[in-house]
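**Student:** 3D model of this:
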Amino acid sequence: MQLDRLAIALRPRSAWESVDLGVGMLREWWRPLYASFAAVYVPVAAACLWAGWSAGKPWLALALLWWLKPLFDRVALHVASRAVFGDVSGLRSTLAQARAWLGTGLFGALLLGRIDMA
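**Tutor:** Down below sits the predicted model:
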């Protein structure tokens, strides 16, 4: 970890300052964040919608997309974590590094994490 290349100031923040930092990061790196998120979300959403409509249960598509939310969060977190250290990864590099963000506890997050009522 190269702390001298950080794009943000490390310090304790209140909850509101953390939200403000997250919005500022999104404003700065919105293109790679949205491009990577859409590259993963759109095909998965299309497959879920197709599965829901073909089964005759369109609500199933929404349930599947809700259940897969940890997968989509990992894409955005991967791009943001790289951008904080000065390496703004584009769409190709994010998808090429899919093993890095898919293998970080995704199985547990999809099973036990989605059952949590919080």
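**Student:** so how far is the biggest helix by length in the chain from its chain's centroid?
**Tutor:** Within the chain, and with DSSP state H defining each element, the longest helix by residue count is helix 30-54. Relative to its chain's centre, helix 30-54 lies at 12 Å (CA atoms, centre = their mean, to the nearest Å).
**Student:** average model confidence for the following helix or strand past it?
**Tutor:** Counting by DSSP states H and E, the next helix or strand C-terminal to helix 30-54 is helix 59-67. For helix 59-67, the mean pLDDT works out to 90.
**Student:** please begin residue numbering at 36 from this point
**Tutor:** Okay, using 36 as the starting number, the last item reads as helix 94-102.
**Student:** measure how the helix or strand following helix 94-102 sits relative to helix 94-102, angle-wise.
**Tutor:** Proceeding N to C from helix 94-102, the next assigned helix or strand is helix 104-119, under DSSP H and E. Here helix 104-119 runs at an angle of 40 degrees relative to helix 94-102 (axes from the mean of the first three to the mean of the last three CA atoms, to 10 degrees).
**Student:** buried set for stretch 82-91?
**Tutor:** Neighbour counts over stretch 82-91 (16 or more other CB atoms under 10 Å) mark 83-84, 87 as buried. For the C-beta atoms, the positions are set from N, CA and C on the backbone; glycine is no exception.
**Student:** columns pLDDT and distance to residue 140 on top of the residues you listed, output as JSON lines?
**Tutor:** Putting the buried residues of stretch 82-91 into JSON lines (pLDDT from 0 to 100; distance: CB to CB, whole Å) gives the following:
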{"residue": "83", "pLDDT": "93", "distance to residue 140": "22"}
{"residue": "84", "pLDDT": "94", "distance to residue 140": "27"}
{"residue": "87", "pLDDT": "92", "distance to residue 140": "27"}
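**Student:** from the residues you listed, pick the one nearest residue 122.
**Tutor:** Nearest to residue 122 among these: residue 83, at 31.4 Å, using CB to CB.
**Student:** thanks a lot, catch you later.
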